[in-house]
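Asker: Sequence and predicted model, in that order:
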Amino acid sequence: MSKKKKPAKIKFDCSQCPGWCCSYERIRTTPDDIALLAKHFECDEKEVKKNALDFIDGEWFLRHRKDDIYKSICVFFDRKERHCGIYEVRPVVCHKFPWQNTCGYYDFLKFEREMMGDDEFIPLPYPK
């Protein structure tokens, strides 16, 4: 008789992060991602590509815009509330991130906040 493996416990909380992974320069989208975004925004895929994606080296990536914390961030990221604005329909690469049960940035953020004694401290990766 084989025992079922328990899923690994997730050791991070995206709601406590200022969006590090959303600042990655290239967030790849698949044709299925683009179709899902078009359905979500009730438009055609051409509109999604025109308004929210960049075509680089033969692939589609989420467009970026300026951000106060990071140099730039995903066009769908809510910069005021610091969370994904399309969480339910985010691209598959975003669903899978960080690809394991821990997030290195979240661990770093927790450590820095504990050291600073400030639950909202955000270590800036780029000089202002």
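Answerer: In hand now; what should we look at?

Asker: Tell me how far the spatially most central residue of the chain lies from residue 67.
Answerer: Taking C-alpha atoms, centre = their mean, the centroid of the chain lies closest to residue 22, which sits 3.3 Å from it. Here residue 22 is placed at a distance of 9 Å from residue 67 (C-beta to C-beta, to the nearest Å). (Glycine included, C-beta is placed from N, CA and C.)

Asker: what sits in contact with each of the two?
Answerer: 73, 77 (C-beta atoms under 8 Å, 6 or more residues apart in numbering).

Asker: Where does the prediction get shaky in the protein?
Answerer: Within the chain, the segments meeting pLDDT under 70 span 1-8, 10, 125-128.

Asker: any residues touching the top helix by length along the chain, and which ones?
Answerer: If each helix of the chain is counted by residues according to DSSP state H, the longest one is helix 104-116. Residues outside helix 104-116 that contact it (C-beta under 8 Å, 6+ apart): 11-14, 16-18, 20-21, 98, 119-123.
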